[in-house]
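Trainee: Show me how the following folds:
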Amino acid sequence: MATISTQTRPTIPYPIAVAGVLFASICFGLVPYFSRGLTEQGVAPYAVAFYRYIVTAILLLPVLIIHRNAWREIAWGLSAGAVMGLGWIGYVTALETLPASTVGVLYMTYPVFTLIIAWTLFADTPTRRALFASGLITLAALIAGSPASVPIQHIPTLLMSLAAPIGFGFGICVLVHRLSRIAPLARIASVSLGSVLGLLPLMLNADVAKLLPQGQSDWILIVGIGLVTALVPQLIYTICSPLIGASQTAVVGSIELPTMFAVGFLAFGEAITTPQAVACALVLGAIAITRSRTTRTLSTVIAKEPNR
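Mentor: Numbers count the residues shown, from 1 in each chain. Okay, the predicted model is just below:
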């Protein structure tokens, strides 16, 4: 079975590694800016999801070819990617009509779904601290998504957005329990390609008008969502997060949620309400106190060195 080729870890100072994780997390938090920019130009949500993963899938395809003997692990990665890609449609759809801060809080519930899926499918018993953190995150989601915070007619859209954290939770479980023997880049490649393959039937059956932005200048949004929010930050995570550890990465990476709030406020003029601020504080608190693998971001898991 093909495993990761032995790689020499770069001699990067700890502060620079922390800065790398911080930068990558901010990039992940910029997703609403590119996503809403594209949907406002008439691009379908599934096309937005497709564009986010296609650049990484193409550029890292040679990695999968090199590690093709690990076909079982690659198959798991493809399946996880397909679930994640389809789930991301709900996230993009919600961003069309709901505040980025509200959708961001719901997105950050993925540690809860990670815990549930790991417990039920992989017999990975959660710790008390993880259960406590999940309770805080669930409370935050209830506050951010309550009828007092979101108009009643948008509740179905809000519930649809939960497909994204469910998909991420499944992806994290697969990465932890099934993909630990292949190279980090192979993990990124298999998951990205799986997302592309999962979304491809929708792309092939869609009207061309729903796939392309109306203005030529808006093509920069397609490039941006593929490079700025996916490929570049994932590669930085792959290098930096093993150098600072999963616990520190979880804490530093929590900047992703405030970044979503800032995007909503600065780019779209969205007011940050008291319930949203409380929900954000609860999520950040849960991440800070847990320091367990259920709170790690997807990229943190991808970046772990494989078992030898």
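Trainee: For the stretch 201-308 of the chain, which residues score under the pLDDT cut-off?
Mentor: Applying pLDDT under 70 to the stretch 201-308 of the chain flags residues 217, 246-247, 290-308.
Trainee: buried sites along stretch 261-276?
Mentor: 261-264, 268, 270, 275-276 (16 or more other CB atoms under 10 Å). All C-beta spots, glycine's among them, are computed from the backbone N, C-alpha and C.
Trainee: mind checking the end-to-end distance for it?
Mentor: 9 Å (CA to CA, to the nearest Å).
Trainee: for stretch 26-36, same thing?
Mentor: OK, stretch 26-36 end separation, CA to CA: 17 Å.
Trainee: I'd like the next helix or strand past the longest helix anywhere in the chain.
Mentor: If you go by DSSP state H, the chain has its longest helix at helix 71-97. Sequence-wise, the next helix or strand downstream of helix 71-97 (DSSP states H and E) is helix 100-107.
Trainee: Okay, buried residues for that next one please.
Mentor: 100-107.
Trainee: What of stretch 36-55?
Mentor: Buried-residue list, stretch 36-55, by 16+ other CB under 10 Å: 36-39, 41, 43-55.
Trainee: residues in contact with that stretch?
Mentor: Around stretch 36-55, the neighbours that count as contacts under CB atoms under 8 Å, 6 or more residues apart in numbering are 31, 34-35, 81, 85-86, 88-89, 92-93, 95-96, 100, 192-193, 195-196, 199-200, 202-203, 206, 209-215, 218, 221-223, 225-227, 229-231, 268.
Trainee: Between the two ends of it, how far is it?
Mentor: End residues of stretch 36-55 are separated by 19 Å (CA to CA).
Trainee: average pLDDT for that stretch?
Mentor: Averaging pLDDT along stretch 36-55 yields 93.
Trainee: neighbours around Leu139, how many?
Mentor: Neighbourhood size, Leu139 [other CB atoms under 10 Å]: 15.
Trainee: Okay, and it sits in which element?
Mentor: According to DSSP H and E, Leu139 maps onto helix 128-144.
Trainee: Residues touching that helix, excluding its own?
Mentor: Residues from elsewhere that reach helix 128-144, judged by CB under 8 Å, 6+ apart: 101-102, 105-106, 108-109, 111-112, 115, 126, 149-150, 275-276, 278-280, 282-283, 285-287, 289-292, 294-295.
Trainee: Tell me the buried residues in that helix?
Mentor: Within helix 128-144, the residues that qualify as buried are 130, 133-134, 136-137, 140-141, 143-144, counting by 16+ other CB under 10 Å.
Trainee: which SS state does Gly226 fall under?
Mentor: helix (DSSP: H, G, I helix; E, B strand; the rest coil).
Trainee: excluding its backbone neighbours, what's nearest it?
Mentor: With CB to CB, 6 or more residues apart in numbering as the criterion, Gly226 has its nearest non-adjacent residue at 3.4 Å, and that residue is Val55.
Trainee: Next SSE downstream of the helix or strand hosting the one you found?
Mentor: Val55 is located in helix 45-59, with elements delineated by DSSP H and E. Where DSSP H and E defines the elements, the next helix or strand beyond helix 45-59 is helix 61-66.
Trainee: Which neighbouring elements make contact with that following helix?
Mentor: Using 3 or more CB pairs under 8 Å, 6 or more residues apart in numbering; DSSP states H and E, the elements in contact with helix 61-66 are helix 184-204.
Trainee: how far does the helix it packs on sit from the chain's center?
Mentor: Mean-position distance between helix 184-204 and its chain equals 14 Å (CA atoms, centre = their mean, to the nearest Å).
Trainee: Can you give me the buried ones in that helix?
Mentor: Applying 16+ other CB under 10 Å to helix 184-204 flags 184-199, 202-203 as buried.
Trainee: what angle separates that helix from helix 71-97?
Mentor: Counting by axes from the mean of the first three to the mean of the last three CA atoms, to 10 degrees, helix 184-204 lies at 60 degrees to helix 71-97.
Trainee: pLDDT averaged over stretch 161-177 - what is it?
Mentor: Stretch 161-177 shows a mean pLDDT of 90.
Trainee: Give the buried residues for that stretch.
Mentor: Within stretch 161-177, the residues that count as buried by 16+ other CB under 10 Å are 161-176.
Trainee: Now, these that are in strands?
Mentor: In strands, judged by DSSP state E, none of the buried residues of stretch 161-177 are found.
Trainee: quick revisit: let's see the helix holding Leu139 as PDB, backbone CA atoms only.
Mentor: Output of helix 128-144 as PDB, limited to C-alpha atoms (Å, rounded to 0.1, in the frame of the first residue of the first chain):
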ATOM      1  CA  ARG A 128     -17.100  15.000  29.100                       C
ATOM      2  CA  ARG A 129     -15.400  18.200  28.000                       C
ATOM      3  CA  ALA A 130     -16.400  17.500  24.400                       C
ATOM      4  CA  LEU A 131     -20.000  17.000  25.400                       C
ATOM      5  CA  PHE A 132     -20.000  20.200  27.400                       C
ATOM      6  CA  ALA A 133     -18.500  22.200  24.400                       C
ATOM      7  CA  SER A 134     -21.100  20.600  22.100                       C
ATOM      8  CA  GLY A 135     -23.800  21.800  24.500                       C
ATOM      9  CA  LEU A 136     -22.500  25.400  24.300                       C
ATOM     10  CA  ILE A 137     -22.300  25.300  20.500                       C
ATOM     11  CA  THR A 138     -25.800  23.900  20.300                       C
ATOM     12  CA  LEU A 139     -27.100  26.700  22.600                       C
ATOM     13  CA  ALA A 140     -25.300  29.200  20.300                       C
ATOM     14  CA  ALA A 141     -27.000  27.700  17.300                       C
ATOM     15  CA  LEU A 142     -30.400  27.900  19.000                       C
ATOM     16  CA  ILE A 143     -29.800  31.600  19.900                       C
ATOM     17  CA  ALA A 144     -28.500  32.600  16.400                       C
END
